[in-house]
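1. Sharing a sequence plus its predicted fold:
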Amino acid sequence: MEVESILQKLNQELLQASNPKQLEVIKLNYLGRSGIINDLAQKIKEIKPEQRSEFGKQLNLIKQEVTKILESHKIKDSENKLEIDNSIPDKMPSTGSLHPTTHAIFQIQDILSQIGFVRKRYREIDDDWHPFKALNMPDNHPARDEWETFFCENGKWVLTPHTSNGQIWEMENKKPPIKMLNITKTYRRQISPKHSPMFHQFEGLYVDKNVSIAHLKGTLDYFIKGFFGSNRETRIRPYHFKFTEPSFEVDITCDVCKGKGCKVCKAGWLEIGGAGMVHPNVLKNVGINSKVYNGFAFGFGVERPYMMKGDINIPDIRMFYTTKLDVLKNF
């Protein structure tokens with residue numbers, strides 16, 4: 001690949017350009033989809049493996065030089081002639097990147113899709129049935145307190161406090177077997193370094209014949225090792241949720257002390273979310289025969305688990321929602 005010959009040809013073509021249309025054609029010929037740069041990039045498959053690194057360096061050099069040369073030219077409208085503008089900076093503008101939350105969501109989706117979970121996204125504003133009644137929650141359940149949950153129109157609508165409403169929507173519209181992953185925004189009246197009024201959750205639901213706690217634990221282990229690393233372990237301990245029976249809190253080993261106990265975790269474990277076997281009443285509420293089918297569900301936040309990754313240093317969940325790019329670009 002001869003860099004100088006390509007640049008020399010480009011400069012010759014620019015000297016002959018006398019109007020904006022001709023300049024645009026030259027840009028497309030070099031930087032367009034069917035341009036010279038893209039054509040060269042397609043040839044990398046034909047290069048011997050040991051020569052691809054050098055070829056790639058040369059290609060990047062050509063692209064940078066071509067872009068710089070083209071950006072330093074403009075058409076002078078008053079005289080309709082091409083002129084070089086040396087005042088234009090030669091640095092390319094910085095490119096953006098995925099938001100940390102988006103990056104975490106893609107990771108979660110990728111890991112769980114490998115074992116059959118299908119990504120869905122259900123309502124963020126819902127009625128009372130899907131996030132409460134159908135999930136076996138009585139009228140006096142603490143989650144219904146107006147100081148805990150955001151209600152609209154005198155309780156007619158609610159900003160979903162969890163992703164579990166997606167369980168009901170999925171089971172109402174699909175017969176088992178079901179393997180669903182619901183990822184969406186959720187809302188609660190909480191704010192602290194570990195809580196935000198708006199945050200993201202993901203929830204897995206698996207309904208089929210003869211589903212056991214062993215299937216649940218195996219799924220949790222698979223996800224945790226995929227998301228946090230092969231050195232992290234999980235445990236489940238008894239808890240109480242109205243829509244699962246039995247119910248469990250899910251803990252993972254602390255990354256700081258590797259489960260031995262330290263100032264961060266106190267006893268070697270960190271709570272990450274909840275899980276359990278789908279309550280028979282919930283199956284009944286959506287018209288599924290609990291004598292034939294059963295299943296499990298698990299739900300975690302998105303931001304908080306991401307904060308617990310060993311290579312991430314985010315001490316306050318509210319940092320996810322700052323508009324300061326100098327903060328976000330660190331993650």
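-> Received, thanks. Numbers count the residues shown, from 1 in each chain.
2. And the strands in the chain, which stretches?
-> 73-76, 81-84, 118-120, 125-126, 151-152, 157-159, 178-187, 198-208, 234-239, 244-253, 269-278, 294-301 (DSSP state E).
3. The third one pairs with which strands, and in what direction?
-> Just to be clear, that refers to strand 118-120. Strand 118-120 has its sheet partners listed here by DSSP bridges as strand 178-187 (parallel).
4. Could you export the partner strand as CSV, CA atoms only?
-> C-alpha atoms of strand 178-187 as CSV (Å, rounded to 0.1, in the frame of the first residue of the first chain):
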residue,chain,number,x,y,z
ILE,A,178,-41.6,-19.1,29.0
LYS,A,179,-38.1,-17.7,29.4
MET,A,180,-38.3,-14.0,29.6
LEU,A,181,-35.9,-11.2,30.5
ASN,A,182,-37.5,-7.8,31.3
ILE,A,183,-35.2,-4.8,31.5
THR,A,184,-36.7,-1.3,32.0
LYS,A,185,-36.8,1.8,34.2
THR,A,186,-38.4,1.6,37.6
TYR,A,187,-39.4,4.3,40.1
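5. List the contacts of it.
-> Strand 178-187 is contacted by residues 105, 108-109, 112-113, 116-122, 124, 149-150, 159-163, 166-167, 170-171, 174, 197-208, 295, 302 when judged by C-beta atoms under 8 Å, 6 or more residues apart in numbering. For glycine as for every other residue, the C-beta is placed from the backbone atoms N, C-alpha and C.
6. wait, Leu290 sits on Pro280?
-> For residue 290 the amino acid is Ser, not Leu. Yes - the pair Ser290 / Pro280 is scored as a contact, 3.9 Å apart, by C-beta atoms under 8 Å.
7. returning to what we had before: could you redo the strands of the chain as a markdown table and give each row distance to Val66 and mean neighbour count?
-> Compiled in a markdown table, the strands of the chain are given as follows (distance: least, C-beta to C-beta, whole Å; neighbours: other C-beta atoms under 10 Å):
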| stretch | distance to Val66 | mean neighbour count |
| --- | --- | --- |
| strand 73-76 | 11 | 15 |
| strand 81-84 | 15 | 13 |
| strand 118-120 | 40 | 15 |
| strand 125-126 | 50 | 15 |
| strand 151-152 | 55 | 12 |
| strand 157-159 | 51 | 20 |
| strand 178-187 | 41 | 21 |
| strand 198-208 | 41 | 22 |
| strand 234-239 | 52 | 15 |
| strand 244-253 | 50 | 20 |
| strand 269-278 | 49 | 21 |
| strand 294-301 | 46 | 23 |
